[in-house]
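Chemist: okay, sequence plus prediction incoming.
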Amino acid sequence: MNASIRTALQSFAINQALRYVEGDPEENIPKLMSMVDSVVPKDWYASQRAAIRKTIAEKDNWYQLILRLYELDPGVRKAFFQNFIFNASLNGSAIQEEISAKEDCNIPWAVLLDPTSACNMHCTGCWAAEYGHQLNLSLADIDSIITQGKKLGTYMYIYTGGEPLVRKADLIRICEMHPDCEFLAFTNGTLIDEAFCQEMLRVKNFVPAISLEGFEEANDSRRGQGVYKKVHEAMALMKAHKLPFGISTCYTSKNVDDVSSEKYFDQLIEAGAFFVWFFHYMPVGNDAATELLPTPEQRMKMYDAIRAFRSSKAIFSMDFQNDAEYVGGCIAGGRRYLHINAKGDVEPCVFIHYSNVNIHDVSLLDALKSPIFMAYHRGQPFNDNMLRPCPMLENPEILPRMVAETGAVNTDYQSPESAEHLCAKTTAYAENWTPTAEQTWTENRSRKS
Ligand code: SF4
């Protein structure tokens, strides 16, 4: 059976199953599993089916999370399943793989883009502050990127910035223009109000991920007085409107204890968040505060906490740095994603501000074939140890070499930073982290074998 027919059949079967569950999730999820077990061969996805049966029987945290999805607005839930599961993940991934093989370059699952470099706040350690403050991708630019992306099988678009919601009206317009895509926005949350909740309910395919850096004191010391309260008001508003949202948290040497605590996870669940996405602090930019880099012990504290809470709390938690083992290492350079800044420079990663091309001059596919993207394509994974995935943070000798060989230029126009300067800040960090990373990776391997 060819891949597209298989994908269409899988989509149809899953769609039918979802429709069945919709009627009464608590009653119908176990029944559906029994039906599946009675009709498929015993060895078909045996371990995955066993894990699902266990989840249902024990009504564990994953089961609770699934039930929470059924508390959402039905139209928003349906759009999420259609756009995220079918279009972006099932159908989209099959197209991405096919084009990647044909074109011999990476094709991304997601495109990250900055609608604007403008922001209503000035947070310590935010990469957006490095770009300057008057740049925008026009509505036509964003539409063109998405139209091109869909032809490559990319249906997931994630707004970064700047503060994306400074462009609220345009972002809603884009949701209307591309109802088959799922849009996620990293936002400080302060511009979410009643009117915007109504717009999210109307378009159905827009999910905010609000930045939070810990409890009130830690959060407001980085983001500004009163921001914590505003963010909690925004979360309460979205919860009341049955809208899905997540949290994005940058962990640093200063907030690890707070954000790795059970209290923090419980608070996020209570507030209504469905996912929390953790980012390791990156010392990007000439003014970066290197003292915010976590120690090896602090990074391990995050590693252990996320694994423990992922298997016990009804919230999906991810760690952009420590979860590289689940995605085969570095996902940048279009392997799973790329980043387009507000000026249109196409960069391999939100943290790697070096580029050969601008989206105003080349197609998305040509950008994926530009020198630094091909260096990523050929170099990945950058380390066999998935706890050392990054050519900048854990392998600081690699990025300056790639930048020099490809002639990529720094895209921070206000205060350009060389790759050598950037990676000089991570050299000691990488040396300190290596023994812990090696020991943990070896222990993990032997546990799994
Ligand atoms: S370049 Fe580094 S930070 Fe970016 S995705 Fe790769 S490993 Fe992660």
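Modeler: Arrived safely, thanks for sending. In this text the structure is predicted, and so the values were computed from the model without any measurement.
Chemist: for Trp277, list each beta-bridge partner.
Modeler: Beta bridges link Trp277 to Ser248, Met318, judged by DSSP bridges.
Chemist: run a quick neighbour tally on it.
Modeler: Using other CB atoms under 10 Å, the number of residues around Trp277 comes to 19. C-beta here means a position set from N, CA and C on the backbone, and glycine is covered the same way.
Chemist: my read: it touches Pro208, true?
Modeler: No - between Trp277 and Pro208 there is no contact under CB atoms under 8 Å: 11.9 Å.
Chemist: what sits in contact with each of these two?
Modeler: By the contact definition CB atoms under 8 Å, 6 or more residues apart in numbering, Trp277 and Pro208 are jointly contacted by Gly246.
Chemist: neighbours of the closest residue to Asn383 other than its chain neighbours, how many?
Modeler: Spatially, and ignoring its direct neighbours in sequence, Asn383 is nearest to Asn395 (5.7 Å; CB to CB, 6 or more residues apart in numbering). Counted by other CB under 10 Å, the residues lying close to Asn395 total 20.
Chemist: contacting residues around Asn395?
Modeler: 382-383, 388, 430.
Chemist: same thing with Cys175?
Modeler: Neighbours of Cys175 in contact, by CB under 8 Å, 6+ apart: 183, 203-206.
Chemist: let's see 10 Å
Modeler: The contact partners of Cys175, taken as CB atoms under 10 Å, 6 or more residues apart in numbering, are 79, 157, 181-183, 199-200, 202-206.
Chemist: which single one of those is nearest to the ligand?
Modeler: Distance to the ligand across the contacts of Cys175 (CB to the nearest ligand atom) is lowest for Tyr157, with 17.2 Å.
Chemist: can you tell me the helix or strand for that closest one?
Modeler: According to DSSP states H and E, Tyr157 maps onto strand 156-159.
Chemist: what pLDDT, on average, does the helix or strand that that strand is followed by get?
Modeler: Downstream of strand 156-159, the next assigned helix or strand under DSSP H and E is helix 168-177. Here helix 168-177 scores 98 as its mean pLDDT.
Chemist: would you mark the buried spots in helix 168-177?
Modeler: In terms of neighbour count (16 or more other CB atoms under 10 Å), helix 168-177 has its buried residues at 168, 170-172, 174-175.
Chemist: stretch 416-433 now?
Modeler: Across stretch 416-433, burial judged by 16+ other CB under 10 Å covers 417, 419, 422-423, 425-426, 429-430, 433.
Chemist: and His178, what is it in contact with?
Modeler: Counted by CB under 10 Å, 6+ apart, His178 has contacts 83, 142-143, 146-147, 149-150, 155, 157, 203, 205.
Chemist: just these that are near the ligand?
Modeler: When CB under 6 Å from any ligand atom is applied, no member of these is adjacent to the ligand.
Chemist: now the residues you listed in JSON lines, with neighbour count?
Modeler: Output for those, formatted as JSON lines (neighbours: other CB atoms under 10 Å):
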{"residue": "Asn83", "neighbour count": "22"}
{"residue": "Ile142", "neighbour count": "25"}
{"residue": "Asp143", "neighbour count": "16"}
{"residue": "Ile146", "neighbour count": "21"}
{"residue": "Thr147", "neighbour count": "12"}
{"residue": "Gly149", "neighbour count": "24"}
{"residue": "Lys150", "neighbour count": "17"}
{"residue": "Tyr155", "neighbour count": "29"}
{"residue": "Tyr157", "neighbour count": "25"}
{"residue": "Val203", "neighbour count": "20"}
{"residue": "Asn205", "neighbour count": "24"}
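Chemist: closest one of the residues you listed to the ligand?
Modeler: Out of the contacts of His178, the member with the shortest distance to the ligand (by CB to the nearest ligand atom) is Tyr157, at 17.2 Å.
Chemist: pretty sure that closest one contacts Phe183?
Modeler: Yes - with contact defined as CB atoms under 10 Å, Tyr157 reaches Phe183; the gap is 5.2 Å.
Chemist: what touches both of these two?
Modeler: Common contacts of Tyr157 and Phe183 (CB under 10 Å, 6+ apart): 146, 171, 174-175, 205.
Chemist: where along the stretch 101-250 of the chain do the strands fall?
Modeler: Per DSSP state E, counting those that start in this stretch, the stretch 101-250 of the chain carries strands over the ranges 110-113, 156-159, 182-187, 206-211, 246-251.
Chemist: ok, which of those strands comes nearest Val327?
Modeler: Among the strands of the stretch 101-250 of the chain, strand 110-113 comes nearest to Val327, with 11.8 Å by CB to CB.
Chemist: can I get the closest one in CSV, CA atoms only?
Modeler: Provided in CSV are the C-alpha atoms of strand 110-113 (Å, rounded to 0.1, in the frame of the first residue of the first chain):
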residue,chain,number,x,y,z
ALA,A,110,7.1,23.8,12.1
VAL,A,111,8.1,27.3,11.0
LEU,A,112,8.8,29.9,13.8
LEU,A,113,8.4,33.5,12.7
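Chemist: tally of neighbours for His339?
Modeler: Counted with other CB under 10 Å, residues neighbouring His339 total 26.
Chemist: name the SS class of it, please.
Modeler: State at His339, reduced to three classes by DSSP: H, G, I helix; E, B strand; the rest coil: strand.
Chemist: that one touches Val346, doesn't it?
Modeler: Yes - counting by CB under 10 Å, His339 sits close enough to Val346 to count as a contact (7.7 Å).
Chemist: hey, what's in contact with both of those two?
Modeler: Common contact partners of His339 and Val346 (CB under 10 Å, 6+ apart): 111, 113, 355, 411.
Chemist: ok, of the shared contacts of Tyr157 and Phe183, which one's closest to Leu399?
Modeler: Closest to Leu399, out of all of the shared contacts of Tyr157 and Phe183 and judged by CB to CB, is Ile146, at 29.0 Å.
Chemist: excluding chain neighbours, what is closest to the closest one?
Modeler: Closest residue to Ile146 apart from its sequence neighbours, by CB to CB, 6+ apart: His178 at 5.2 Å.
Chemist: and that neighbour, how far is that from the ligand?
Modeler: Per CB to the nearest ligand atom, to the nearest Å, His178 is found 25 Å from the ligand.
Chemist: likewise for Val357?
Modeler: Plainly put, Val357 is 18 Å away from the ligand if you go by CB to the nearest ligand atom.
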